[in-house]
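Asks: Provided below are the primary sequence and the corresponding predicted coordinates.
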Amino acid sequence: MKLLVINTGSSSIKYQLFEMQNKKVLSSGVVEKIGESQGRVQHKLFSPDGDVREKSEEKTIDDHRVGLRLISQLLQDEEVGAISDPDEIEVVGHRVVHGGDRFSEATLISDEVKAAIEKFIPLAPLHNPPNLEGVSVAEEVFPQARQIAVFDTAFHQTMPPHAYRYAIPDHLYQDHHLRAYGMHGTSHRYVSEQAEHYLGLEVGQLNAISIHLGNGCSMTAIRQGKSVDTSMGLSPLPGLMMGTRSGDIDPAVIFYLANRLEMSVKEIDQLLNKQSGLKGIAGDNDMRSIVSRYEQGDEQATLALEMYCYRIKKYIGAYLAVTGNIHALIFTAGVGENSALVREKACQDLEQLGISLNPGKNRQLKHGIQEIQGEKSRIKILVIPTNEELSIAEQAYQLVQ
């Protein structure tokens, strides 16, 4: 069975085509800068003999419909195509960011499901509209395929009310569903399942803290294989310090910005989501650049890095209290997998909690799952590469089977 995974962002579409019998990636690519004057398309074909053929071009891509039709053409291209007909794709798995409190598993998309995704747009105004557009266009481009939605919020639907409720008047929850939902659930689910298998535990036995560090960052407390708390909330804004998002902040700061600085709601939204975090402190949201500047003694980069790692450390302590004894601390995603300095600082001085890092192992990672804890560490520290596309493909495949 050929299964196409589509991750539709506000101005991009990432995709991977899988052969699900052996979970092999046949091709992958990305369409970027949709709606801008100069878009970009990158496509790869992975041949059985291990060769990789690539095709890329820069051109104007007016909208997501044009982008998905380009993907369909590339998948059928004479030189770099993996299929000869769109009907060869039997399933399309879609990443959908917000499913509210309605969806806890992968779901076959129907008119009713699309209406529900639309209903949750106010909870994810930057993400759900392009996700929904991706579904609509995929139904046109791949009309014979079954369309499956996999929700970022689904993994966190096991959180208890005392974890997901906000201490605000009850009617705001009952009437408007204002509560914590959490994000990055597909990634947290994937690495927790990988850790469970790696550690030889039975399904549903893992206790862990999962740390997803990319441009967006979140942490999840996992007890008996299920999410019981997570750092993001109603939106992706709260929790850890991120690339451009502030993370946790005193709500009174918003009142100050509005009342004293006379900023509009839209301006405050932009400030906290697009101009804060690493970018707000150091002027750059690329962790590689921050680390390089830190090593050169740059004061603002040093402050940004210390703030970033301090937040992670605080959440580790909080989630240890929530989960009790854990099997592992898991680092994943772009920064979590690649920044030895961030992992080192996040685990520094946690020996009293049973967490001790081995500096040598931390700096010399190999391919696949790696253990980087020291000999005296009571808790394993794992670096697990995330694979959200594969997780989406597996969940969609399990559903149609």
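Replies: Yes, it's here.

Asks: C-alpha from now on. contacts and neighbour counts both.
Replies: Noted.

Asks: quick check: longest helix of this structure.
Replies: Looking across the chain with DSSP state H, the single longest helix is helix 299-323.

Asks: which elements pack onto it?
Replies: strand 208-213, strand 217-223, helix 277-282, helix 287-295, helix 340-347 (3 or more Cα pairs under 8 Å, 6 or more residues apart in numbering; DSSP states H and E).

Asks: switch to 6 Å and redo it
Replies: Identification of packing neighbours for helix 299-323 by 3 or more Cα pairs under 6 Å, 6 or more residues apart in numbering; DSSP states H and E yields helix 277-282, helix 287-295, helix 340-347.

Asks: neighbours of Glu196, how many?
Replies: Look at Glu196: counted by other Cα atoms under 10 Å, it has 21 neighbours.

Asks: do Tyr256 as well
Replies: 12.

Asks: which non-adjacent residue is nearest the spatially most central residue of the chain?
Replies: Taking Cα atoms, centre = their mean, the centroid of the chain lies closest to His184, which sits 3.8 Å from it. Distances taken as Cα to Cα, 6 or more residues apart in numbering put Asp152 closest to His184, at 5.4 Å, once the chain neighbours are dropped.

Asks: coming back round to it: got the angle for the helix or strand that the longest helix of the chain is followed by vs strand 217-223?
Replies: In the C-terminal direction, the helix or strand that comes right after helix 299-323 (DSSP states H and E) is strand 328-332. For strand 328-332 against strand 217-223, the angle by axes from the mean of the first three to the mean of the last three Cα atoms, to 10 degrees is 150 degrees.

Asks: who's in contact with strand 328-332?
Replies: For strand 328-332, the surrounding residues in contact (Cα atoms under 6 Å, 6 or more residues apart in numbering) are 208-212, 379-386.

Asks: how about those residues, which pair is most distant?
Replies: Ile379 and Thr386 (20.5 Å; Cα to Cα).

Asks: of the two, which one has the most company?
Replies: Per other Cα under 10 Å, whichever of Ile379 and Thr386 has more neighbours is Thr386, with 25 against 20.

Asks: you'd agree the more buried one is in a helix?
Replies: No. Counting by DSSP: H, G, I helix; E, B strand; the rest coil, Thr386 is not part of a helix but coil.

Asks: check what pLDDT it gets.
Replies: In this model, Thr386 is scored at 93, pLDDT.

Asks: residues touching it, list them.
Replies: Thr332, Ala333.

Asks: low-scoring stretches of the stretch 201-350 of the chain, by residue?
Replies: Residue ranges of the stretch 201-350 of the chain with pLDDT under 70: none are present.

Asks: the residue nearest to the centre of the chain contacts Thr153, doesn't it?
Replies: No. At 7.2 Å, His184 does not count as touching Thr153 under the criterion of Cα atoms under 6 Å.

Asks: helix, strand, or coil at Phe18?
Replies: strand.

Asks: pretty sure it sits against Leu3.
Replies: Yes. Phe18 is within contact range of Leu3, at 5.2 Å (criterion: Cα under 6 Å).

Asks: touching both of these two, which residues are there?
Replies: Counting by Cα under 6 Å, 6+ apart, nothing touches both Phe18 and Leu3.

Asks: distance to Leu26 and mean neighbour count for the helices and strands packed on helix 299-323 - can I get that in a markdown table?
Replies: Formatted as a markdown table, the helices and strands packed on helix 299-323 follow (distance: least, Cα to Cα, whole Å; neighbours: other Cα atoms under 10 Å):
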| stretch | distance to Leu26 | mean neighbour count |
| --- | --- | --- |
| helix 277-282 | 36 | 22 |
| helix 287-295 | 30 | 16 |
| helix 340-347 | 32 | 20 |
